[in-house]
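K.L.:
build the 3D model from these lines:
(4 chains)
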Amino acid sequence: MDIQKLADHESLDLHEVINFKTLCLVKSKLMQGLVFDQDLRALMQKDVEQSMQALGELQAIYNRAPFEAPIPQSRPTPIIN
Amino acid sequence: MNNDYLDPINSLHVPELADTTFAMDFLLRAKEGVRNTAVALTESASPEVRELLRNQLIQGIAMHQEITELMIDKKWFHPNELSEQYKLDQLSANNTLMIGKMNLFPVDTNRKGMFDRTPDEH
Amino acid sequence: MNYALHEVLEVHEMAAFKTNCLTKSKTMKALVTDKQLKDIMQQDIDVSTRQLQEYASILSNAQQ
Amino acid sequence: MKPIIEKLTGMNALSDQVVAMDLLIAAKSGARNYAMAVTEAGTPEIKELLTRHLMEALDMHEQISAYMAEKGWYHAWDTNEQINLDLNNINTALNLTTL
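P.N.:
Numbering: from 1, shown residues only, chains lettered A, B, ... in the order given. So this is what the prediction gives:
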């Protein structure tokens, strides 16, 4: 047993959490351009900063998933032409 | 209000409407985040993963609290006065239904042509 | 009462769940042989007892 | 006392393993229920209480899963081994005589 690797089930849950966090981060970032209230905007910015930190930490630990693989430069299947 | 998205009468109260919607979205995301993290915690076995998720769970709960307080403060959310909340719910549902009926993007939204080559290729 | 309705309902929900857990832990502890497991269960009983007392005080506050 | 109860109730399958599993599932669903409840609470007092209880449920879950892993009743890192164990448990449960 390789102690560095994560268990299957926790890796799958990390997958869920990472995708959710990514969506949250992008929403909090982009919605700042749409909100009017500056207090709300400030709180969203705080969320962006916290989420970036959290996402970085999650990525670092996700590296140890049993199905870890080399990361390509961009999405493998282009949608244009 | 009418269904013409270019009619200036429709821009009345838009800031309040927009902010309540975005704040509600933010609140729901924070809520779901806490729940997701807790579920992931009960599935994790590695101490490092548990440690990380537990910290993020605590942070998530704190963020949820802050959003709740902000929304109560701004009168966008009334957890203690259910009939106030009821009015808001119905109003925002009505307004959103109206937006749903608008023809917001009448022209073709395919912008792929803007991305198909680098500037040097011209 | 100064609590919102939905939180009182949540507390009620958790209290019901915890009552169930405590009852089960208390009865099942008698059937367990392993010392270590007995200890963990006793700990669960202690913590659950305290938690239930806390719920009871909130719920009685919430009663009008 | 245990053998007597087992004889009386026919529950000699109610081993420590089953009890521990029950405790694990209770801790797990407890933690999930708490997470739901925390995000419904608005009053700081109730929220703090529920957050504390959530952390306690997570501690209990951690403790009981470590205990079960130590006993070999829970194989977090070896899915195949865990499946074998599950199949065994399923058979034990299926072969239980009902009272």
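K.L.:
what about residue 64, how many residues nearby?
P.N.:
With no chain named, the answer covers chain A. Using other C-beta atoms under 10 Å in any protein chain shown, residue A:64 has 18 other residues around it. In short, each C-beta sits where N, CA and C put it, glycine included.
K.L.:
other chain: chain D
P.N.:
Taking other C-beta under 10 Å as the neighbour definition, residue D:64 ends up with a count of 25.
K.L.:
distance check, it against residue D:73.
P.N.:
Taking C-beta to C-beta, to the nearest Å as the measure, residue D:64 and residue D:73 are separated by 10 Å.
K.L.:
mutual contacts of these two, please.
P.N.:
Counting by C-beta atoms under 8 Å, 6 or more residues apart in numbering or on different chains, the shared contacts of residue D:64 and residue D:73 are residue D:20.
K.L.:
which residues of chain C score low on pLDDT?
P.N.:
Applying pLDDT under 70 to chain C picks out residues C:1, C:64.
K.L.:
what sits against the residue nearest the centre of it?
P.N.:
Nearest to the mean C-alpha position of chain C, counting by C-alpha atoms, centre = their mean, stands residue C:18 at 3.4 Å. Under the criterion of C-beta under 8 Å, 6+ apart, the neighbours of residue C:18 are C:48, C:51-52, C:55, D:30.
K.L.:
now swap in residue C:36 and tell me
P.N.:
Here residue C:36 is in contact with residue D:67 (criterion: C-beta under 8 Å, 6+ apart).
K.L.:
flag every buried residue along the host helix or strand of it.
P.N.:
Per DSSP states H and E, residue C:36 falls inside helix C:35-62. Within helix C:35-62, the residues scored as buried using 16 or more other C-beta atoms under 10 Å in any protein chain shown are C:37, C:40-41, C:44, C:47-48, C:51-52, C:54-55, C:58, C:62.
K.L.:
let's have those residues in JSON lines, adding distance to chain B.
P.N.:
Below are those laid out as JSON lines (distance: C-beta to the nearest C-beta, whole Å):
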{"residue": "C:37", "distance to chain B": "19"}
{"residue": "C:40", "distance to chain B": "17"}
{"residue": "C:41", "distance to chain B": "19"}
{"residue": "C:44", "distance to chain B": "16"}
{"residue": "C:47", "distance to chain B": "17"}
{"residue": "C:48", "distance to chain B": "18"}
{"residue": "C:51", "distance to chain B": "17"}
{"residue": "C:52", "distance to chain B": "21"}
{"residue": "C:54", "distance to chain B": "18"}
{"residue": "C:55", "distance to chain B": "19"}
{"residue": "C:58", "distance to chain B": "16"}
{"residue": "C:62", "distance to chain B": "13"}
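K.L.:
helix or strand: which one has the residue nearest to the centre of chain C?
P.N.:
With elements delineated by DSSP H and E, residue C:18 resides in helix C:5-29, which encompasses its position.
K.L.:
any buried residues in that helix, and which?
P.N.:
Neighbour counts using 16+ other C-beta under 10 Å place C:7-8, C:10-11, C:14-15, C:17-18, C:21-22, C:24-25, C:28-29 of helix C:5-29 among the buried residues.
K.L.:
just give me the neighbour total for residue B:101.
P.N.:
Other residues near residue B:101 number 9, with proximity taken as other C-beta under 10 Å.
K.L.:
next one: residue B:66
P.N.:
Residue neighbour count, defined by other C-beta under 10 Å, stands at 14 for residue B:66.
K.L.:
apart from its chain neighbours, what residue comes closest to it?
P.N.:
Sequence neighbours aside, residue A:43 is the residue nearest to residue B:66 in space, at 6.1 Å (criterion: C-beta to C-beta, 6 or more residues apart in numbering or on different chains).
K.L.:
what's the answer for residue A:29, then?
P.N.:
Using C-beta to C-beta, 6+ apart and skipping residues adjacent in sequence, the residue nearest residue A:29 is residue A:48, 5.2 Å away.
K.L.:
show the contacting residues for the one you found.
P.N.:
Neighbour list for residue A:48: A:25, A:28-29, A:32 [criterion: C-beta under 8 Å, 6+ apart].
K.L.:
and chain C, which residues reach chain A?
P.N.:
Within chain C, not a single residue sits near chain A (C-beta under 8 Å from any C-beta of the partner chain).
K.L.:
OK, now which residue of chain C is nearest to chain B?
P.N.:
The minimum distance from chain C to chain B, using C-beta to the nearest C-beta, falls at residue C:4 (4.5 Å).
K.L.:
hmm, residue D:45 and that residue touching each other?
P.N.:
No. With the criterion set as C-beta atoms under 8 Å, residue C:4 and residue D:45 do not qualify as a contacting pair; they are 11.9 Å apart.
K.L.:
which SS class is the nearest residue to residue D:73 once chain neighbours are set aside?
P.N.:
Of all residues beyond its chain neighbours, the one nearest residue D:73 is residue D:17 (5.0 Å), with distances taken as C-beta to C-beta, 6+ apart. Classification of residue D:17 by DSSP: H, G, I helix; E, B strand; the rest coil places it in helix.
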